[in-house]
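Peer 1: everything below, folded, please.
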Amino acid sequence: MPRLSSVVLPEIILPRSIIMKFYELTYLVPADLSPEEINAFGQKLNSFIQEENGILDKTKIPLKRKLGYPIKKKKEAYLITTDFYFKPEKLRVLEKKIKSGGSILRYLILTKETPKIPTKPLKRPRIKPKPKVELKEIEKRLEEILGQ
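Peer 2: Numbering: from 1, shown residues only. Purely as a prediction, here's the structure:
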């Protein structure tokens, strides 16, 4: 039996045949919706991503923004961003789901690079340079110690 190579994602190992890309979905929801409706819609999108075997990375809290120009006669909207892993061939299905939702003013799906685990650079301890002591000062201290 041939051995499959694998793709390593943060904390996830997938067979080579299941290639997922890292995406960012950013969308605008009208500000006149209640917070419960906004959260319910976000949960619906997140559950759809998971049903299609996608992996959620993080979802940012909705931020209320004033729009630069009216979109569908709305001047304010909530901006929501979700990062996730998804199969590229199923992206069209996700777009159809977003468009059929009806409560999204605009959306944008970006392909992002897989996040790298940040490592802190090692800090070297700073060595303070010792002040230079002159020979005369050493002799004075020796005299004080010896009591001469």
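Peer 1: so where's the chain shaky on pLDDT?
Peer 2: When the per-residue scores of the chain are filtered using pLDDT under 70, the ranges that remain are 1-18, 115-122, 148.
Peer 1: all strands for it, in order.
Peer 2: Taking DSSP state E to define them, one finds strands in the chain at 6-9, 12-15, 21-30, 55-59, 63-71, 74-86, 106-112.
Peer 1: give me the contact list for the third one.
Peer 2: Counting by CB atoms under 8 Å, 6 or more residues apart in numbering, the neighbours of strand 21-30 from elsewhere in the structure are 38, 41, 45, 57, 62, 65, 67, 71-72, 74, 76-88, 91, 94, 98, 103-115. Placement of C-beta: from N, CA and C, glycine included.
Peer 1: show me which of the residues you listed are buried.
Peer 2: Applying a neighbour-count criterion of 16 or more other CB atoms under 10 Å, the buried members of the contacts of strand 21-30 are 38, 41, 45, 57, 62, 77-86, 91, 94, 98, 104-105, 107, 109.
Peer 1: which helix runs longest in this structure?
Peer 2: Secondary structure of the chain read by DSSP state H shows that its longest helix is helix 35-51.
Peer 1: list the helices and strands that helix packs on?
Peer 2: Here helix 35-51 is seen to pack against strand 21-30, strand 55-59, strand 74-86, helix 91-101 when contacts are counted using 3 or more CB pairs under 8 Å, 6 or more residues apart in numbering; DSSP states H and E.
Peer 1: so for Glu144, which of these sits nearest?
Peer 2: Proximity of the helices and strands packed on helix 35-51 to Glu144 was assessed by CB to CB; the nearest stretch is strand 55-59, lying at 66.2 Å.
Peer 1: which neighbouring elements make contact with that closest one?
Peer 2: Counting by 3+ CB pairs under 8 Å, 6+ apart, the packing neighbours recorded for strand 55-59 are helix 35-51, strand 74-86.
Peer 1: and Thr26, how far is that from Lys132?
Peer 2: From Thr26 over to Lys132 the distance is 60 Å, taken as CB to CB, to the nearest Å.
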